[in-house]
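Enquirer: quick one, what's the 3D model for this:
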Amino acid sequence: MTGHPILQRMVRKFERRELLDDADRSALHSLPYQIKTAEAGAYIVREGAPTEKSALILSGLAFRHKLTADGGRQIVSIHIPGDFVDLEGSLLAIADHNVQTLTRCEIATISRAAIQKLVKTHPRVGLAMWIDTLVDGSIFREWVTNVGRRDAKQRIGHLFCEFALRLDVAGLGDVKGYELPMTQEQLADATGLTSVHVNRTLKALEADGLIRRERRFVHIPDWERLREVSGFNALYLHLDQVA
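Expert: You can find the predicted model right below:
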């Protein structure tokens, strides 16, 4: 059973997280799903809404965020093709955050009942999914540290490093450069800065030769130097679980 090409990517990803047998792989390929397209800015998950389905990104980018009582937004993670953006929704009844598309996305939605059944009947798949959510949690902790303890240049440089490495591992880019379809306002919401401060910091990173921008494309002339300046350590990405 082949299924959608990105579902095959999902199966391979879970295989790297846990040793799966043929029955596990077949069960993953057999998951009932619906494919839909969402334009940039659309909500995949809304805080406070019942969680009836989990969403797998097939193409495009999405971001997870929280809103304060006065409407302030904090972006807490970016998600790429192959990511389950709300796998925890298969177990938690009410969403406690928002997931919104950063670009036009194609997503596959899978009912929480189907995921729960799969986990109960195929424990190795359940373990793989558990590891997946644990890696997400590790990334959240790093983002808290990034906003709370790094200066502006390190915050943005660190985000650029993470995105480069995750795209490289996923086969969707490399550490020399990639397209980053984020506005300065979105970068500000991801790093706890103002849009003006982000603009100033981007210019400083360029002046130091750490990045070069061409519209939405970010070039990284010297990966090791950007990594060092940003204080980037890839341990929190647990690449031993995905490489």
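Enquirer: drop to CA atoms for contacts and neighbour counts, all remaining ones
Expert: Noted.
Enquirer: report the rounded mean pLDDT for the helix ranked longest in the chain.
Expert: Of all the segments of type helix in the chain, defined by DSSP state H, the longest one is helix 123-149. Helix 123-149 carries an average pLDDT of 95.
Enquirer: can you check stretch 177-191 too?
Expert: Per-residue scores along stretch 177-191 average to 96.
Enquirer: quick check: phi and psi at the residue positioned nearest the centre of the chain.
Expert: Among the residues of the chain, the one closest to the centroid is H79, at 2.2 Å (CA atoms, centre = their mean). The phi/psi pair for H79 (degrees, to the nearest 10) reads phi -130, psi 140.
Enquirer: beta partners of the closest residue to it other than its chain neighbours?
Expert: Spatial nearest neighbour of H79, excluding adjacent residues (CA to CA, 6 or more residues apart in numbering): A62 at 5.1 Å. Residues in a beta bridge with A62, per DSSP bridges, are H79, T101.
Enquirer: now the helix or strand E185 falls within: how far from the chain's centre is it?
Expert: In the assignment (DSSP states H and E), E185 maps to helix 184-191. Averaging C-alpha positions (CA atoms, centre = their mean, to the nearest Å) puts helix 184-191 15 Å from its chain's average.
Enquirer: name the residues that touch that helix?
Expert: With contact meaning CA atoms under 8 Å, 6 or more residues apart in numbering, helix 184-191 is reached by 73-77, 146-147, 152, 155-156, 194-195, 197-199.
Enquirer: quick one: name whatever helix or strand follows it.
Expert: With DSSP H and E, the next secondary element past helix 184-191 is helix 195-207.
Enquirer: pLDDT averaged over that next one - what is it?
Expert: Mean predicted lDDT for helix 195-207 stands at 98.
Enquirer: quick one: pLDDT of R215?
Expert: 87.
Enquirer: show me what contacts it?
Expert: So R215 contacts nothing (CA under 8 Å, 6+ apart).
Enquirer: could you measure from it over to I139?
Expert: 27 Å (CA to CA, to the nearest Å).
Enquirer: R225 too?
Expert: Computed as CA to CA, the R225 to I139 distance reads 22 Å.
Enquirer: just the element for I75, please.
Expert: strand 73-79.
Enquirer: thanks a lot, catch you later.
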